[in-house]
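In: model the following, please.
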Amino acid sequence: MRRLPRRFRLALPVALILAAAACSTSGSPAPSGGTPAPSPTAGPLGIEHPTGATDLVLRFEEGGGFVAPGFLATEGPAFSLYGDGTTIFRDQTQVAPQPIGNVLPGVPYQIVRLTEEQIQALLQFAIGPGGLAVARAHYDLPVADAPTATFTLVAGGTHKTVSVNGLGFGAGQTGVDAAVLTELEGLRTRLTTFGSDVVGEHAWSPDRFRGILTADGFNPPKAWPWPAVSPSDFVKHDGPNDPSFPIRTMTPAEVAALGVPGIDGGVQGLTLQAADGKTYEFRLRPLLPDEPY
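Out: Just a heads-up that it's a prediction; the model follows:
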């Protein structure tokens, strides 16, 4: 794997970066349901960060806005960096899979492993020129029905979340917040086109999926494929960050039983008919390593 380009290796003094990050607003608590305890931090080149394979270090996700509920159900983070360098991402330059009849496969994730030097370079950019050190927790721009961009940083002694409604739409990027919003837009671009800055990435095969089940599917139904799973096994969780749909954690074997190829990136548009004759809309998305369900 080659090193990240020079633009990821901007030479900000580490002490300055850490000081700025330490003064920033503390982020949101971990998702409900529990995640593994963070591993001991390490940063031989300067910026401390968790080191475990499921320890989130940097994430970008974007969702919401004027979209159908089905799309909300299957939205997932666009970029996730973990403590051991594992990076799982969807690149905006990836071509979406073709529909299979009424079934819409999601864009698959890619995976690559960064070195510690590359992790440090990316964190330096995100905290410094990317704006995370000085950004406040939330910006609400005057853009109706726009998606919200959310950055999560767990490094340099801080757990910080920054969200921006309408980032990149141009509105509101004047006045006192103009500079930091421009920096955050630049960070968003870097993370959503990450595949152009690394080599050695390949398709990621998830080991767990989130199955989402709602009543009354509209497309021609497929027979219920799981003898040992019933619709009642899909349940809502009560945490503030949990999905508002009945869900169940699915195995790759259960996903394969659907008989639809090429859906490692998730799927929409499947209608399943249970043994009692009722039909259900079934949606799927991959679960990332730090997500409990």
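
In: show me where the stretch 151-293 of the chain has strands.
Out: 158-165, 202-203, 209-215, 222-223, 247-250, 267-273, 279-286 (DSSP state E, counting those that start in this stretch).

In: longest helix anywhere in this protein?
Out: helix 178-192 (DSSP state H).

In: who does that one touch, helix- and strand-wise?
Out: strand 56-63, helix 116-127, strand 148-155, strand 158-165 (3 or more CB pairs under 8 Å, 6 or more residues apart in numbering; DSSP states H and E). For the C-beta atoms, the positions are set from N, CA and C on the backbone; glycine is no exception.

In: nearest to residue 84, out of the strands of the stretch 151-293 of the chain?
Out: Closest approach to residue 84 among those is made by strand 202-203 (16.9 Å; CB to CB).

In: the closest one pairs with which strands?
Out: Within its sheet, and counting by DSSP bridges, strand 202-203 is paired with strand 110-113 (antiparallel).

In: any chance you could list what contacts the partner strand?
Out: Outside strand 110-113, the residues within contact range by CB atoms under 8 Å, 6 or more residues apart in numbering are 1, 84-91, 94, 195, 198, 200-204.

In: could you dump it to CSV, C-alpha only?
Out: C-alpha atoms of strand 110-113 as CSV (Å, rounded to 0.1, in the frame of the first residue of the first chain):
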residue,chain,number,x,y,z
GLN,A,110,-14.5,-1.4,0.5
ILE,A,111,-11.9,-2.2,3.1
VAL,A,112,-8.2,-1.3,3.4
ARG,A,113,-5.7,-1.4,6.3
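
In: for that strand, what is the average pLDDT?
Out: Mean per-residue pLDDT for strand 110-113: 98.

In: partner residues bridging residue 273?
Out: According to DSSP bridges, beta-bridge pairing links residue 273 with residue 223, residue 279.

In: got a list of what it touches?
Out: Counting by CB under 8 Å, 6+ apart, residue 273 touches 217, 221-224, 279-280.

In: just to revisit the earlier point, got the helices and strands packed on helix 178-192 as a markdown table, with mean neighbour count, distance to residue 239 and mean pLDDT columns?
Out: Output for the helices and strands packed on helix 178-192, formatted as a markdown table (neighbours: other CB atoms under 10 Å; distance: least, CB to CB, whole Å; pLDDT from 0 to 100):
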| stretch | mean neighbour count | distance to residue 239 | mean pLDDT |
| --- | --- | --- | --- |
| strand 56-63 | 22 | 17 | 95 |
| helix 116-127 | 23 | 27 | 97 |
| strand 148-155 | 23 | 16 | 96 |
| strand 158-165 | 21 | 16 | 95 |
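
In: what strand or helix carries the residue most central in space within the chain?
Out: The chain has residue 77 as the residue nearest its centroid, 1.2 Å off, counting by CA atoms, centre = their mean. Residue 77 is part of no helix or strand, with elements assigned from DSSP states H and E.

In: is it true that it touches residue 288?
Out: Yes: in this structure residue 77 lies within contact range of residue 288 using CB atoms under 8 Å: 6.5 Å.

In: that older thread, so for residue 240, which of the helices and strands packed on helix 178-192 sits nearest?
Out: strand 158-165 (13.3 Å).

In: export the closest one to CSV, keeping only CA atoms.
Out: Presented in CSV, the C-alpha positions along strand 158-165 are these (Å, rounded to 0.1, in the frame of the first residue of the first chain):
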residue,chain,number,x,y,z
THR,A,158,-11.5,13.6,23.0
HIS,A,159,-14.7,11.9,21.9
LYS,A,160,-16.3,14.6,19.7
THR,A,161,-19.3,14.6,17.3
VAL,A,162,-19.9,17.4,14.8
SER,A,163,-23.1,17.5,12.7
VAL,A,164,-24.0,19.9,9.9
ASN,A,165,-27.4,20.0,8.3
